[in-house]
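# quick check, what structure comes out for this input:
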Amino acid sequence: MTVAAVLHRAGHMKKAVIAIAAVGIQAFMTCASAQPLKVGFVDIQLVLQESAPSKAAGVRLESEFGNRSRELVRLEATLRQDTEKLDKDAPALSETERSRRVRELANQRRELERKGREFQEDAERRQQEEQRVVKDKFDKAVKQVFDAEKYDLILQDGVRFHSQAVDVTKKVLDAMSAQR
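Here you go, the predicted model:
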């Protein structure tokens, strides 16, 4: 699962609440003062696809887990080949030999499942660590743009329609790239 996919699943309910709150705040602010409300929008999916921290996280995860993933694919192919060979050879094998090979296949399958679980747990843990780092950088970049350009409100996703005039995604990407 990618960083973008996990963050995307953060919930549509939260997005709806943000959009409703934004409309309410804008209505209140318009009535309360003559100053227009300065609103911005950030496309988080674009940020997660294009930002340097997200790309770097993907490279780190691939380098850390790529070999293990390829090894699991290789072990699965070997198990499949061995199973097919047993199916083909079974009529000609003695009961003892057939039982021995069935036990070997069961052991191979258990080992593959164990390694698969370990891989999944390790990959998910590291993915969450990387997501926290990217999310922290994203939040800092949004706050930087918010403060520097004196926005009253910046929305993140959850908005189906918005004008390019309020899209600050590029500014957030630039701010993320400038971070160390």
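# how about the strands in the chain?
39-42, 153-156 (DSSP state E).
# which of those has the lowest average pLDDT?
Lowest mean pLDDT within those: strand 153-156, at a mean of 85.
# pipe the strands of the chain into a markdown table and attach distance to Glu64 and mean neighbour count per row.
No exception for glycine: its C-beta is placed from N, CA and C like everyone else's. Compiled in a markdown table, the strands of the chain are given as follows (distance: least, Cβ to Cβ, whole Å; neighbours: other Cβ atoms under 10 Å):
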| stretch | distance to Glu64 | mean neighbour count |
| --- | --- | --- |
| strand 39-42 | 29 | 22 |
| strand 153-156 | 28 | 19 |
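# nearest to Glu95, out of these?
Ranking the strands of the chain by proximity to Glu95 (Cβ to Cβ) places strand 153-156 first, at 64.9 Å.
# which elements pack onto that closest one?
Applying 3 or more Cβ pairs under 8 Å, 6 or more residues apart in numbering; DSSP states H and E, one finds that strand 153-156 contacts helix 12-32, strand 39-42, helix 95-148.
# rerun that using 7 Å as the cut-off
helix 12-32, strand 39-42 (3 or more Cβ pairs under 7 Å, 6 or more residues apart in numbering; DSSP states H and E).
# distance to Ser99 for the strands of the chain - can I get that in JSON lines?
Formatted as JSON lines, the strands of the chain follow (distance: least, Cβ to Cβ, whole Å):
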{"stretch": "strand 39-42", "distance to Ser99": "62"}
{"stretch": "strand 153-156", "distance to Ser99": "60"}
